[in-house]
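Student: Just need the structure, nothing else, for what follows:
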Amino acid sequence: MKRPVLMLLVLGVLAVGSAVAVVEVRHETRSLFVTLESLRDDRDRLNTSWRQLQLEQGALAMQSRVERIARESIGLEAIDPENTTLIRLDPRGERQ
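Tutor: As a prediction, the model looks like this:
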């Protein structure tokens, strides 16, 4: 009679241990899911910021804006063909 009681006790301890393990694994899974969702939110926010920065960079680098700033800030002017001298070099590297 002692052997069936011992077997029943061992099976009971294993069942309780298994239940505790299931609860622990479910808790860990939920924690990891919350972390994953938080990281996805961060990723989406960073992607949005990156797209906005790319648009802003494109707007800042537009040729017309650069030319306007060059004229207004440092007084650059367009090249006047009448005041331009063209110097050509022959194949030997001498001026013509």
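Student: and Ala70, how many neighbours?
Tutor: 13 (other Cβ atoms under 10 Å). Where you see a C-beta, it was placed from the backbone N, CA and C, and this is true even at glycine.
Student: how close does it sit to Pro81?
Tutor: 19 Å (Cβ to Cβ, to the nearest Å).
Student: Could I get the full set of helices for the chain?
Tutor: In the chain, the helices defined using DSSP state H lie at 2-60, 63-74.
Student: quick one, the helix or strand of the chain with the lowest mean pLDDT and helix 2-60 angle?
Tutor: Lowest mean confidence among the helices and strands of the chain (mean pLDDT, DSSP states H and E): helix 63-74, at a mean of 86. If you take axes from the mean of the first three to the mean of the last three Cα atoms, to 10 degrees, helix 63-74 sits at 60 degrees to helix 2-60.
Student: how about the CA coordinates for helix 63-74, as PDB?
Tutor: C-alpha atoms of helix 63-74 as PDB (Å, rounded to 0.1, in the frame of the first residue of the first chain):
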ATOM      1  CA  GLN A  63      18.700  74.600 -55.900                       C
ATOM      2  CA  SER A  64      16.500  77.800 -55.800                       C
ATOM      3  CA  ARG A  65      16.800  78.100 -52.100                       C
ATOM      4  CA  VAL A  66      20.600  77.600 -52.200                       C
ATOM      5  CA  GLU A  67      20.900  80.300 -54.900                       C
ATOM      6  CA  ARG A  68      18.700  82.700 -53.000                       C
ATOM      7  CA  ILE A  69      20.700  82.300 -49.800                       C
ATOM      8  CA  ALA A  70      23.900  82.700 -51.800                       C
ATOM      9  CA  ARG A  71      22.700  86.000 -53.300                       C
ATOM     10  CA  GLU A  72      21.300  87.400 -50.100                       C
ATOM     11  CA  SER A  73      23.900  86.300 -47.600                       C
ATOM     12  CA  ILE A  74      27.200  86.600 -49.400                       C
END
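Student: And for it, what's in contact with it?
Tutor: 59, 76-77 (Cβ atoms under 8 Å, 6 or more residues apart in numbering).
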